[in-house]
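S.K.: Quick one, what's the 3D model for this:
(chains A and B)
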Amino acid sequence: MSGQALKTSTSSKCISVVLSGVGGQGTLVAGKLLGKVAMKTGLDVKVSEVHGMSQRGGSVITYVRMGCKVYSPIIDEGMADFCLFFEPLEAIRWVSLLKKGGTMIINSAPVKPLPVLLGNEKYPDRISERIKEAGEGNARVIEIDAKQTAVSFGSAKAANIVMIGALSIFTDIPESVWKESIEESFSEKPHLISMNLDAFQAGRDLVR
Amino acid sequence: MKQILLGNEAIARGAYEAGVKVVSSYPGTPSTEITEAVAGYDRIFCEWSTNEKVGAEVAIGASIRGARAMTCMKHVGLNVAADPLFTSSYTGVNGGLVYVVADDPGMHSSQNEQDSRHYARAAKIPMLEPSDAQECKDFVVKAFELSEKYDTPVLIRLQTRVSHSRSIVEFGEPNEIEVKDYSKDVSKYVMMPAMAVKRHKIVEKRMEEIMADSSEQTEAVGMHEEHIGSSELGIITSGAAYQYVKEALPEASVLKLGMIWPLPEKRIRSFAKKVKRLVIVEELDPFFEKEILAMGIPCEGKSLLPITGEYSTSVLRKTLNPTSTPEQAISGSGLPVAPGRPPVMCAGCPHKGLFMALSRLKVQVMGDIGCYTLGALPPTSAMDTCVCMGASVGMAHGFDKASDARDSRKTVAVIGDSTFLHSGVTNLINAVYNQSSVTVIILDNSITGMTGHQQNASTGMDIRLSPAPAISLELLCESIGVRSIQVVDPVDTDLCRKKVKEELEKPGVSVIIARRPCALIPTGKGPKGKYARVDKDICTACGQCIRIMCPALTAGPDNKPVIDRETCNCCGLCVNVCPVGALSVGGDL
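M.R.: Reported below is the predicted structural model:
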């Protein structure tokens, strides 16, 4: 499934990555990791996060922009080169951010929101298929089961790193930079390093 | 050395480089991480103060004693600290004094959207506004220089997108901490009428001087940047809005203000002459716009751009550069609508059981600021009001007096431990003194939860997690004169209901302390490897446990509960609500 790699290191344009999911899914950690990767690659970078009330099981979104010079930390409609959706509903919610020709990676594991759990609203079916149909010819839409893959390495919590692994395939940033950054990110919890490196590799293998 | 830092972390780094000695703050999104990051610099004394007014007063004291001092807060925190703010403008400083205030346009985590720039004008204090993490660090260093140069406190205004965006920061050399000598100066530091009359004149003169210098000395004082592009369109802006301007309007000429109060009139005049059309891009109020119009310079602003909410690249493109709108891959029009995802109380959250009790009692609930404000949302929907920190207790007292004590049989105030110590306690004193019959429930989860787990005066630890004296809420309430004080475990929702009912019946002020640590801190985590277990043979699929809305418990296809073992905190709330005993605490991991 390998597509053409986005030239990050030589690009004068910004590469914009949206990471969106549910509070607690690790989008913040993944965003910080991308920040490290960009800095190691010699790029300017901005990572924008949401803290506070919406973290409590709400819809969260992290923006990462990297390039020669980054101004806005926020990614608006049609500005994202990549969207990593950690949950299918969030893909519908933020689909408009993806630019024409962009790539979207969706983690297929649903996290049902309150109105659905209460039976007041229905969780839509066939989300990834519908987005694929809608994006035909304009977007690359990839669905992976990052949660299950992460569970097979020891913890569902590593699903964020599986997603990052999948993203890494579509950039020209060397694998070693990603791996160094993961090691640094978990330097305070060294027992988690090897599991996250495995999760990263698994993410790469899923989309290769 | 370069590092990627959150805007807030860069503020802390700036304080370190500036040789700051004392930082005293109360947590509040989006400002909290500043003081948390300061705690990482061992040589700085830092503390979580009980509220923003206290934090400001500690910093004023440290400044007058001769140390550089900083206090940080969110926008509404500055309302609490407004009293010391205004008069510290008159006293001026000895060691530099900086107030950092973080606004929240778009209200990501706030109860209002106020624009703190008005405080700079009202209190006659210069204000700086950085637009990214590098400037956060640099402007703090600059703010301390200006504070000592002009003998004034300095305000730094942040906003969510600056506070909570990470970008690359190049470090400078840290200055040594130097504490100046203190000498008694009644005419400067004792603000009673005779002295304050003279100080006010000095303040006015100081602001005129700063205004002139801000125009003339761009680098040393104003920190303004002028980018001359097309003469067709000129933009005056600052802070995060500057970033959207550069993104959306790459051709435009831009005057980016660093010091945003007082405004550099000469500088603005000369910029205005260079462009045919002048547009002011500022989030929230038309603060610059009205000042610039008052200078007699024609400009546009709020007639084009919104006064509410935060700006973005697309907001500016739509109004000022519509042809540059990027093409979307998928419009989304053919896709189903995504059900909303309102924030919910966490698995094992101690507030849940208490709010279920309040919901079933159908009482009027005066709410307050914290995670428990989520009790206003389904499934409990058990909150009537939420205004500001500490208001719950005073408002319950107001309900009592307005209804000739009738409503006190059906009204409670709910307030967290940190919020209670912040400003609920003064309200409780007032209620006792003025012979109220309110029932106050202190939700004691042993932490300041919503802002990300900061210690407070009741938790037994200081900001660096060293042991500290713990205020006993029971003894505090007792000493105030509260006659009835009960302590309950909020997971025991039936007992909570019973106790609340009892206390509502009693005359006088009652306090119920619902005590259980937050599920996200070490003392609140359930036993490892244990989780709630379902006996499907006993379960009748009645749905009682589903209605808790615990993120760890969902309905299976047979409408019987399914427990997510990773998420379950083993609090036992679902066990307590099951009418047939199908749930039990245990697990077998």
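
S.K.: Return the helix or strand in chain A with minimum mean pLDDT.
M.R.: Ranked by mean pLDDT, DSSP states H and E, the weakest helix or strand in chain A is helix A:114-117, scoring a mean of 80.

S.K.: For chain B, tell me whether that helix is touching it.
M.R.: Yes: interface with chain B: helix A:114-117 contributes A:114-117 (CB under 8 Å from any CB of the partner chain). All C-beta spots, glycine's among them, are computed from the backbone N, C-alpha and C.

S.K.: at contact distance from chain A, anything in stretch B:278-295?
M.R.: No: Stretch B:278-295 lies out of reach of chain A by CB under 8 Å from any CB, never closer than 12.3 Å.

S.K.: Phi, psi for A:Val111 please.
M.R.: Backbone geometry at A:Val111, expressed as degrees, to the nearest 10, gives phi -120, psi 110.

S.K.: what's the burial count for the residue of the stretch 51-200 of chain B found nearest chain A?
M.R.: Distances between the stretch 51-200 of chain B and chain A by CB to the nearest CB are smallest at B:Ser109, namely 2.8 Å. Burial of B:Ser109 is recorded as 22 neighbouring residues (other CB atoms under 10 Å in any protein chain shown).

S.K.: surely it meets B:Pro30?
M.R.: Yes: between B:Ser109 and B:Pro30 there is a contact under CB atoms under 8 Å: 7.0 Å.

S.K.: Show the contacting residues for the residue lying closest to A:Ser168 once chain neighbours are set aside.
M.R.: Leaving aside its chain neighbours, A:Ser168 sits nearest to A:Trp178 (5.1 Å; criterion: CB to CB, 6 or more residues apart in numbering or on different chains). A:Trp178 sits next to A:37, A:164-165, A:168, A:200 when contact means CB atoms under 8 Å, 6 or more residues apart in numbering or on different chains.

S.K.: Where does A:Trp178 sit: helix, strand or coil?
M.R.: Under DSSP: H, G, I helix; E, B strand; the rest coil, A:Trp178 falls in the helix class.

S.K.: Okay, it and A:Thr103: tell me how far apart.
M.R.: 17 Å (CB to CB, to the nearest Å).

S.K.: So for chain A, the centremost residue is which one?
M.R.: With distances taken as CA atoms, centre = their mean, A:Leu84 lies nearest the centre of chain A, 3.0 Å away.

S.K.: residues making contact with the strand or helix carrying that one?
M.R.: Taking DSSP states H and E as the definition, A:Leu84 sits inside strand A:80-85. With contacts defined as CB under 8 Å, 6+ apart, strand A:80-85 is touched by A:6, A:15-21, A:27, A:30, A:91, A:94-95, A:97-99, A:102-107, A:163-164, A:166-167, A:170.

S.K.: Now a ChimeraX select for only the buried ones of those residues.
M.R.: This is how ChimeraX selects the buried members of the contacts of strand A:80-85, with burial counted by 16 or more other CB atoms under 10 Å in any protein chain shown:
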select /A:6,15,16,17,18,19,20,21,27,30,91,94,95,97,98,99,102,103,104,105,106,107,163,164,166,167,170
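
S.K.: Just the ones of the contacts of strand A:80-85 in helices?
M.R.: Mapping the contacts of strand A:80-85 onto helices (DSSP state H) picks out A:27, A:30, A:91, A:94, A:163-164, A:166-167.

S.K.: Which of these sits closest to A:Asn138?
M.R.: Nearest to A:Asn138 among these: A:Ala91, at 14.9 Å, using CB to CB.

S.K.: Relative to chain B, how far out is the closest one?
M.R.: Taking CB to the nearest CB, to the nearest Å as the measure, A:Ala91 falls 8 Å from chain B.

S.K.: do you know how far that residue is from B:Ile11?
M.R.: A:Ala91 sits 35 Å away from B:Ile11, going by CB to CB.

S.K.: Out of the ones in helices among the contacts of strand A:80-85, which is nearest to B:Lys246?
M.R.: Nearest to B:Lys246 among these, with distances taken as CB to CB, is A:Trp94, at 23.8 Å.

S.K.: Quick one, grab the pLDDT at the closest one.
M.R.: pLDDT, the model's per-residue confidence, is 95 for A:Trp94.

S.K.: which residue packs closest to it, ignoring adjacent ones?
M.R.: Closest to A:Trp94 by CB to CB, 6+ apart is A:Ser20, at 5.1 Å.

S.K.: what's across from that neighbour in the sheet?
M.R.: Assessed by DSSP bridges, A:Ser20 has beta-bridge partners A:Ile61, A:Phe85.

S.K.: Hmm, it is touching A:Val64, no?
M.R.: No: counting by CB under 8 Å, A:Ser20 sits too far from A:Val64 to count as a contact (11.5 Å).

S.K.: sorry, back to before: and after the least confident helix or strand of chain A, which helix or strand comes next?
M.R.: Counting by DSSP H and E, the next helix or strand C-terminal to helix A:114-117 is helix A:127-134.

S.K.: what residues are up against A:Thr103?
M.R.: Residues in contact with A:Thr103 (CB under 8 Å, 6+ apart) are A:3, A:81-83, A:139-142, A:170.

S.K.: For the stretch 151-300 of chain B, which residues are neighbours of chain A?
M.R.: B:161, B:164-168, B:240, B:243-244, B:246-247.

S.K.: ok, of these, which one's closest to B:Lys2?
M.R.: Nearest to B:Lys2 among those is B:Ile168, at 5.5 Å by CB to CB.

S.K.: Measure how far the helix or strand hosting the closest one is from the centre of its chain, please.
M.R.: Applying DSSP H and E as the criterion places B:Ile168 in strand B:165-170. Mean-position distance between strand B:165-170 and its chain equals 22 Å (CA atoms, centre = their mean, to the nearest Å).

S.K.: helices or strands next to the next helix or strand after it in the packing?
M.R.: Downstream of strand B:165-170, the first helix or strand assigned by DSSP H and E is helix B:186-189. In this structure, helix B:186-189 packs against helix B:193-216, with contacts taken as 3 or more CB pairs under 8 Å, 6 or more residues apart in numbering or on different chains; DSSP states H and E.

S.K.: any idea which helix or strand comes after the helix it packs on?
M.R.: Toward the C-terminus from helix B:193-216 - assigned by DSSP H and E - lies strand B:225-227.

S.K.: what helices or strands is the next helix or strand after that next one leaning on?
M.R.: Next in sequence after strand B:225-227, counting helices and strands by DSSP H and E, comes strand B:230-237. Strand B:230-237 sits against strand B:252-256, helix B:265-273, strand B:277-281, with contacts defined as 3+ CB pairs under 8 Å, 6+ apart.

S.K.: Helix or strand with the lowest mean pLDDT in chain B?
M.R.: Lowest by mean pLDDT, DSSP H and E among the helices and strands of chain B is strand B:553-555, with a mean of 88.

S.K.: List the neighbouring strands of whichever helix or strand comes after it plus their orientation.
M.R.: Next helix or strand after strand B:553-555 toward the C-terminus (DSSP H and E): strand B:561-563. Strand pairing for strand B:561-563, determined by DSSP bridges: strand B:553-555 (antiparallel).

S.K.: Thought B:Ser584 was touching B:Val575, still the case?
M.R.: Yes: contact criterion CB under 8 Å: B:Val575 and B:Ser584 qualify, at 6.0 Å.

S.K.: what touches both of those two?
M.R.: Common neighbours of B:Val575 and B:Ser584, counting by CB under 8 Å, 6+ apart, are B:Ala532.

S.K.: more crowded one of these two?
M.R.: Per other CB under 10 Å, whichever of B:Val575 and B:Ser584 has more neighbours is B:Val575, with 18 against 15.

S.K.: and the nearest residue to the more buried one once chain neighbours are set aside, what does it touch?
M.R.: Using CB to CB, 6+ apart and skipping residues adjacent in sequence, the residue nearest B:Val575 is B:Leu583, 4.6 Å away. Applying CB under 8 Å, 6+ apart to B:Leu583 gives the contacts B:532-535, B:539, B:545, B:561, B:574-575.

S.K.: Could you dump those residues into JSON lines and include pLDDT and secondary structure?
M.R.: Shown next, in JSON lines, are the contacts of B:Leu583 (pLDDT from 0 to 100; DSSP: H, G, I helix; E, B strand; the rest coil):
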{"residue": "B:Ala532", "pLDDT": "94", "secondary structure": "strand"}
{"residue": "B:Arg533", "pLDDT": "93", "secondary structure": "strand"}
{"residue": "B:Val534", "pLDDT": "94", "secondary structure": "strand"}
{"residue": "B:Asp535", "pLDDT": "94", "secondary structure": "coil"}
{"residue": "B:Cys539", "pLDDT": "97", "secondary structure": "coil"}
{"residue": "B:Cys545", "pLDDT": "94", "secondary structure": "coil"}
{"residue": "B:Pro561", "pLDDT": "94", "secondary structure": "strand"}
{"residue": "B:Cys574", "pLDDT": "96", "secondary structure": "helix"}
{"residue": "B:Val575", "pLDDT": "96", "secondary structure": "helix"}
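
S.K.: Nice, that's everything, thank you.
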